[in-house]
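Participant: structure, please.
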Amino acid sequence: MKKALLSSTAALLLLGCEAGPDYTAPQSAMPQNYADLPATSAQAPVSVPVAADADLSQWWMQFHDAELNSLVARAMTANLDLLAAASRIREAREQEIIAGAAGLPQINADGATAHIHTNSPFGSSLGLGGAPPGSPAPTGGSDVKFYTLGFDATWEIDVFGSVRRSVEAAEASSESALWGMRDSEVTLTAEVATNYLTLRALQAQIALLRDEARRQRDTLTFIQARRKAGFVTELDVNQQVALEQSTISQIPTLQAQAGAAEHAIAVLLAQPPNAVVAELDRTAVRPAVPPQVAVGLPSTLLLRRPDGRAAARKLASATANIGVAVADLYPKFDLLGGVSLASSHLSTLFTGSSLGEAGIGTVTWPIFHGGQIHANIKSKQDEADQAYYAYRKAVLTAVQDVEDSLLRYDKDQQRLLSLERAASSARSSSDIAYQQYRVGLSPYVNVLTAQANDLSAQVQLEQGREALTTDLVSLYKALGGGWSVKAPDLPPSIHRQS
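Facilitator: Residues are numbered from 1 along each chain as shown. Model (predicted):
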């Protein structure tokens, strides 16, 4: 009998198959080149994006800024979003174990002991307290003891691959969680760099306004001396005072913006908002953009973008879940077995006379469930469709992000060249107007206008430089830079003792 049961089990396992469709990686048509990749350096005179591959896992190193490197390194170990993403990976891996356990025998042990005492002399034969009606009064009592120990096992044979598909879905979900963490790393490094570069740009603008206010104050001193000598009226003095104070009035707004950037960086490092203010208030040179930026080809973009890789694994998981649902259409084969020891005396519990055993094989085949199984299959198919559409969107969005970033980077470089020429001309005009005013060859209104134009041009130039660096960060993020191919070191759970 046992040989027949084992032979039947082996035959079922050999004939077993996996229900539902197998996952096939979707094919996506990608352009040969990026449309907005400059063909020559003349189109991108400051920094040239080139169609070459490079290691972008630490792209921020290209700014050669030790403070930025330090901030990113600290954020990569302490950021709360990354810690949450690591927790999701651990959770997904535990779900793999749970899914796989369904395909293994489930073994349980149980034991019991009972001690029954009755004052009735009939207790030993009836197992009840008290005597039957009309019987003589009890003259004694009895004790009954009972001991049992047993093991039972159940095993659902995965003939049609329901468990295997569940494991496949869980493994794909775990991989999706891993790519989700890497996508969080891409976002985090971009946020740290953007806030840091914005901070340095704001500090540069504040320094510019302070320098310009000092220049305007020197001009005011000269005008006041001429007013005392009677060469000009109080109107010139008042206008110069208004210009100086207008320049100074712009500083507090920029200081508030700089403080907000410092606070944002601290929170990204999982620290209180003011934790890095003293560290970042120190004056530093704004990082320059590298002369060349390797952007690769669209064909390699999907390999670098973690969000696209995560979307593909979600599609794989959804496809496997169709198989889990389809397997419910087919019979389920279960083996049940048990071994028990039972005795009224503990000394004889482990003897052959106390041994009992049982083995059962069952088949369950759904006949009518009101359309539930077929509806569940269609539901899982729609979930797979949604995952496919999400993947397609991720592909298109990835190419769009790079194209948009390249276009902004190119156009902002052209704009920066114009701003540099405008700032140079405005500064020269301001110097000329002032010198002419000093020797009496130009009216004060020319000085006032030239100084205002000069300040506006210098501020716009600083803003143009800021835009170029943040454009570059956006480009690196669009390219999927900021994660490493090595397996991440997952921090331990805060709720686990071991």
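Participant: just say helix, strand or coil for Ala114.
Facilitator: strand (DSSP: H, G, I helix; E, B strand; the rest coil).
Participant: residue contacts, it?
Facilitator: Contacts for Ala114 (Cβ atoms under 8 Å, 6 or more residues apart in numbering) come out as Val144, Lys145, Phe146. Every residue, glycine included, has its C-beta placed from N, CA and C.
Participant: can you pull up the bridge partners for the last one?
Facilitator: Translated: Phe146. Beta-bridge pairing of Phe146 under DSSP bridges involves Ala114.
Participant: contacting residues around it?
Facilitator: Neighbour list for Phe146: Ala112, Thr113, Ala114, His115, Ile116, Ala342, Ser343, Ser344 [criterion: Cβ under 8 Å, 6+ apart].
Participant: nearest to Arg286, of the contacts of Ala114?
Facilitator: Phe146 (85.2 Å; Cβ to Cβ).
Participant: ok, now how distant is the closest one from Thr113?
Facilitator: Separation of Phe146 from Thr113 (Cβ to Cβ, to the nearest Å): 7 Å.
Participant: what's the answer for Gln292, then?
Facilitator: Taking Cβ to Cβ, one finds Gln292 at 81 Å from Thr113.
Participant: between these two, point out the one with more neighbours.
Facilitator: The neighbour count for Gln292 versus Thr113, taken as other Cβ atoms under 10 Å, is higher for Gln292 (15 against 11).
Participant: surely the more buried one touches Val50?
Facilitator: Yes - using Cβ atoms under 8 Å, Gln292 is in contact with Val50, at 5.5 Å.
Participant: if we can go back for a sec, Throw the contacts of Phe146 into a markdown table and include pLDDT, thanks.
Facilitator: Output for the contacts of Phe146, formatted as a markdown table (pLDDT from 0 to 100):
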| residue | pLDDT |
| --- | --- |
| Ala112 | 87 |
| Thr113 | 85 |
| Ala114 | 85 |
| His115 | 80 |
| Ile116 | 82 |
| Ala342 | 83 |
| Ser343 | 79 |
| Ser344 | 78 |
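Participant: returning to what we had before: could you dump the contacts of Ala114 to CSV with pLDDT and distance to Leu335?
Facilitator: CSV is the format used below for these (pLDDT from 0 to 100; distance: Cβ to Cβ, whole Å):
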residue, pLDDT, distance to Leu335
Val144, 77, 35
Lys145, 81, 34
Phe146, 80, 29
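Participant: with distance to Asp328 added, can I get those residues in TSV?
Facilitator: Compiled in TSV, the contacts of Ala114 are given as follows (distance: Cβ to Cβ, whole Å):
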residue	distance to Asp328
Val144	47
Lys145	47
Phe146	42
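Participant: ok, so of those, who is nearest Ala153?
Facilitator: For the contacts of Ala114, the closest approach to Ala153 (Cβ to Cβ) belongs to Phe146, at 23.7 Å.
Participant: just the pLDDT for Pro488.
Facilitator: Predicted confidence (pLDDT) for Pro488: 74.
Participant: kindly report the same for Asp36.
Facilitator: The model's pLDDT for Asp36 equals 71.
Participant: how about Ala84?
Facilitator: Looking at Ala84, its pLDDT reads 94.
Participant: shaky segments in the stretch 201-350 of the chain?
Facilitator: For the stretch 201-350 of the chain, no stretch has pLDDT under 70.
Participant: got it, and the stretch 51-200 of the chain?
Facilitator: Low-confidence segments of the stretch 51-200 of the chain (pLDDT under 70): 119-141.
Participant: so where do the strands sit in it?
Facilitator: For the stretch 51-200 of the chain, the strands defined by DSSP state E, counting those that start in this stretch occupy 106-118, 142-157.
Participant: excluding its backbone neighbours, what's nearest Ser47?
Facilitator: Nearest non-adjacent residue to Ser47, counting by Cβ to Cβ, 6 or more residues apart in numbering: Val289, 4.5 Å away.
Participant: hang on, that neighbour packs against Thr470?
Facilitator: No - between Val289 and Thr470 there is no contact under Cβ under 8 Å: 10.5 Å.
Participant: top of the contacts of Phe146 by number of neighbours, please.
Facilitator: Using other Cβ under 10 Å as the neighbour test, the contacts of Phe146 are led by Ser343, with 18 neighbours.
Participant: check contacts around the nearest residue to Glu168 once chain neighbours are set aside.
Facilitator: Spatially, and ignoring its direct neighbours in sequence, Glu168 is nearest to Ala320 (4.0 Å; Cβ to Cβ, 6+ apart). By Cβ under 8 Å, 6+ apart, the residues touching Ala320 are Gly20, Tyr23, Arg165, Ser166, Glu168, Ala169, Ala172.
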